[in-house]
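Trainee: have a look; sequence and predicted model below, questions after that.
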Protein chains: 2
Amino acid sequence: MGTLSVFLDVPLAPSTDIPLDAYKADPSSLKVCLGHADTDEVWIPPVVKRILLQIPEDPTLNHEYLPELGILEFTTAAMKLVIGKESRAAGIQTIGGTGAVWTGAEFLHRWYKPSNCTPTTVLLAEHHLENLGCIFQVAGFTDIRTYRYWNPERLTRQNQCNAFSFLPLGLCRFLQERHLFPFFDVPAQGLASGNLDRDAWAVRHFVDRGFEILCAQSFSRIFGLYDERIGNLIVVTKNNQTLIKILSQLAKQISVTWLGPTSLGARVISMVLTSPALLYEWKQSLKALVKRIMLVREKLKEKLRILGTPGSWEHLTAQSGVYSFIGLLPSQVEFLAKEKHIYLLSNGQINICSINAKNLDYVAQSIHEAIMSTSHQDQSVTVRIYSSPTHVSKSESFY
Amino acid sequence: MGTLSVFLDVPLAPSTDIPLDAYKADPSSLKVCLGHADTDEVWIPPVVKRILLQIPEDPTLNHEYLPELGILEFTTAAMKLVIGKESRAAGIQTIGGTGAVWTGAEFLHRWYKPSNCTPTTVLLAEHHLENLGCIFQVAGFTDIRTYRYWNPERLTRQNQCNAFSFLPLGLCRFLQERHLFPFFDVPAQGLASGNLDRDAWAVRHFVDRGFEILCAQSFSRIFGLYDERIGNLIVVTKNNQTLIKILSQLAKQISVTWLGPTSLGARVISMVLTSPALLYEWKQSLKALVKRIMLVREKLKEKLRILGTPGSWEHLTAQSGVYSFIGLLPSQVEFLAKEKHIYLLSNGQINICSINAKNLDYVAQSIHEAIMSTSHQDQSVTVRIYSSPTHVSKSESFY
């Protein structure tokens, strides 16, 4: 055999933006990963913990292969959670929310031919470009464009409809006229408002208007089962005959990728969703978590106010949900990693659940120092970011 | 909204050959699925059952995301099980053996450029055309060819080297000279001979000769954990620098498909493989299963001999492992499904574990009737199938 590898020219892939590896490698006892829930304190609803103990004892369950499309009881209950009804819709169980997006993207690239040609363009919310954009690119879409959902100048979420304000039409009408196919991503239903129905309104609005849609659902966050990789791809079509044909193609596609999904998480979730008592308990846990998230947002804002940190932090409580754009510059994110052992995505998005009683003071103090130490270097950008007039002047007067 | 679906032209995908759905839908109490282990009696090693009860009680384990490439302890132990050593090799945890083949096929299509062009041809064992062929096709290989591994005329497995006898060279030299990249599939290491090392000799032979290889490993059958989807893709390269680059690309690829693998099965398996006591116990369970499989093979052969079923059934005990080509014609397979509620793949391959004390007599009697009722219709084919001279004449004299 020769000594040269046939893979000599394979380049090193650029590492992803998620700073989890750097966090794990850091030996400091002060370290905090704001991109992720604290690994020692991953939230898991008590009802889920209980069922996880019951399942291995259940003699009626075995470890046979599941069908390609998963456990029907799970996919139906999961689909109803978003859509609210069953007509002309079905779910297929996937390997996590990523698997649902991947399956949908592959399917669309293969079968969505609005004018007898394969579409090449995908329009994504700007902050999803890195994670979701790659999936659509690998699936064959060559033109990945973004629309702005998070407005860094105003530190607020832009209304989705406003994001399309370049056309004087509602979003539904805009999609319809441009032959755009709506593909929703529901990564944590219930964690925005604490109410499952309220968080699903956008999807239901499209379904009620007669749209065909795809919708990727993830259960990792709302059931605390990240490692079980439980996702669901919801397909809503015009009629059930088309639905059956689509499901047959999706089953084929899955049979050549992972053959079938995993059972444990889907069993836990379908037990919760189909039992009124367990469902009630889980909803209460979700509500309590959302309350806790809002409390952390309020406490962080208050700490920063007391420290006199330049800038407005109103956006911390104006936003809701687990993820928050904290409003830091890439140089400030870098400062936190290098000087403070605090890791977060370079776009400044953090997971609120990663802040707890133990690290709140340290995180607030470090954010304060990051802003104090770097804001004079990036003044032009700083002024752009802190656009609320009173606070910009406060920031300027600080030096 | 218009009333026509944008997916109007999506065709119904042809159903796969696995007769599990027909089996499940059959209300008869006599039904047997020979394509699959009996769902009521899926073999699971006692040590695995025990660990499955322990894991949910373990307070040191959480449900955080796993890294894209899986649990290092698992992938290393799994890789050593096949390769026997660690040098210039690594494993990556996948969603089942199918996920390992898919990941490898996608990787090869993207990065294997033996003469600066992307290869389009894949050479597969004939009976793997349907399941593995589809994976390579979807990955982008356009020319899927087969070699004969199972010889239906002789009812024996052909030696892999003989399958390439059209060239007067050994298989290693043949692959090397033709720039063929060896990709092994190890779906049930240990279940052929009862000895893990013996079943891995072919892979080790190539590694010892200095080859770069890929090897897909599945743990579904040997740990009885079909629904946990535990696979491993082993990469053996020329050197560790190349290995690191390959792993970075594989991590990227996985991050856009399923993000990361599942934990439960990998935890169970790494606990077994890294504990000498548990490993010993598991190996004993495997040996006992292999013994049981050989006993079933012997009993079925004996039953058919007593019934005077035409044909030679020596191949039942000459072959080893869970899967066996039983030597039935498609028309006989159809007879079994329609008249006897017995389901198997149309190529006549069965899972020996699906035969047990409860159904052995019924299965043997039904095979006998299938052959008696159809062999006169397919005489020309029958003669080809039963090529052992004495038995062909016995079969012919029967009518």
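Mentor: On my side now, so go ahead.

Trainee: how about the strands in the stretch 251-399 of chain A?
Mentor: Counting by DSSP state E, counting those that start in this stretch, the stretch 251-399 of chain A has strands at residues A:323-325, A:342-343, A:349-351.

Trainee: so for chain B, which of the ones you listed sits nearest?
Mentor: Between chain B and those, the shortest gap by CB to the nearest CB is with strand A:349-351, which sits at 12.0 Å. Yep, even glycine has a C-beta here, placed from its N, CA and C like the rest.

Trainee: quick check, that closest one touching chain B?
Mentor: No. Contact of strand A:349-351 with chain B (CB under 8 Å from any CB of the partner chain) is absent, the minimum separation being 12.0 Å.

Trainee: parallel or antiparallel, which strands does that strand pair with?
Mentor: strand A:323-325 (antiparallel) (DSSP bridges).

Trainee: model confidence over the strand it pairs with, on average?
Mentor: When pLDDT is averaged over strand A:323-325, the result is 83.

Trainee: thinking again about what came up before, reformat the strands of the stretch 251-399 of chain A as TSV; add mean neighbour count.
Mentor: Supplementary listing: the strands of the stretch 251-399 of chain A in TSV, determined by neighbours: other CB atoms under 10 Å in any protein chain shown:
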stretch	mean neighbour count
strand A:323-325	21
strand A:342-343	26
strand A:349-351	22
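
Trainee: out of these, nearest to residue A:107?
Mentor: The minimum distance between residue A:107 and those falls on strand A:323-325, with 27.0 Å, by CB to CB.

Trainee: quick check: mean pLDDT of stretch A:58-73?
Mentor: 92.

Trainee: can you dump the C-alpha atoms of that stretch in CSV for me?
Mentor: Listed in CSV are the C-alpha atoms of stretch A:58-73, where the atom choice follows Å, rounded to 0.1, in the frame of the first residue of the first chain:
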residue,chain,number,x,y,z
ASP,A,58,-43.0,-1.8,31.9
PRO,A,59,-43.2,-5.4,30.7
THR,A,60,-45.5,-4.5,27.7
LEU,A,61,-42.7,-2.4,26.1
ASN,A,62,-40.0,-4.0,24.1
HIS,A,63,-36.9,-2.8,22.1
GLU,A,64,-38.1,-3.7,18.6
TYR,A,65,-37.6,-1.4,15.7
LEU,A,66,-40.1,1.4,15.4
PRO,A,67,-41.8,2.0,12.0
GLU,A,68,-39.9,4.5,9.8
LEU,A,69,-42.4,7.2,10.6
GLY,A,70,-42.3,6.6,14.3
ILE,A,71,-44.9,5.9,17.0
LEU,A,72,-48.3,7.0,15.6
GLU,A,73,-49.7,7.9,19.0
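
Trainee: check the offset of that stretch from the chain's centre.
Mentor: Its chain's C-alpha centre and that of stretch A:58-73 lie 27 Å apart, by CA atoms, centre = their mean, to the nearest Å.

Trainee: what does it contact?
Mentor: Outside stretch A:58-73, the residues that touch it by CB atoms under 8 Å, 6 or more residues apart in numbering or on different chains are A:55, A:75, A:91-94, A:232, A:247, A:250-251, A:254-255, A:259-263, A:266-267, A:270, A:274, B:37, B:39-40, B:42, B:44, B:220, B:224-228.

Trainee: not counting its neighbours along the chain, what's nearest the residue most central in space within chain A?
Mentor: For chain A, the residue whose C-alpha lies nearest the mean C-alpha position (CA atoms, centre = their mean) is residue A:187; its distance is 4.4 Å. For residue A:187, the nearest residue in space outside its immediate sequence neighbours is residue A:218; the separation is 4.7 Å by CB to CB, 6 or more residues apart in numbering or on different chains.

Trainee: surely the one you found meets residue A:190?
Mentor: No. The pair residue A:218 and residue A:190 fails to qualify as a contact (CB atoms under 8 Å) at a distance of 11.8 Å.

Trainee: contacts for stretch A:12-22 next, please.
Mentor: Residues from elsewhere that reach stretch A:12-22 (CB under 8 Å, 6+ apart): A:33, A:35-36, A:130, A:337, A:343-347, B:67, B:244-245, B:248-249, B:251-252, B:255.

Trainee: what's the end-to-end length of that stretch?
Mentor: As for stretch A:12-22, its first-to-last residue distance stands at 18 Å under the measure CA to CA, to the nearest Å.
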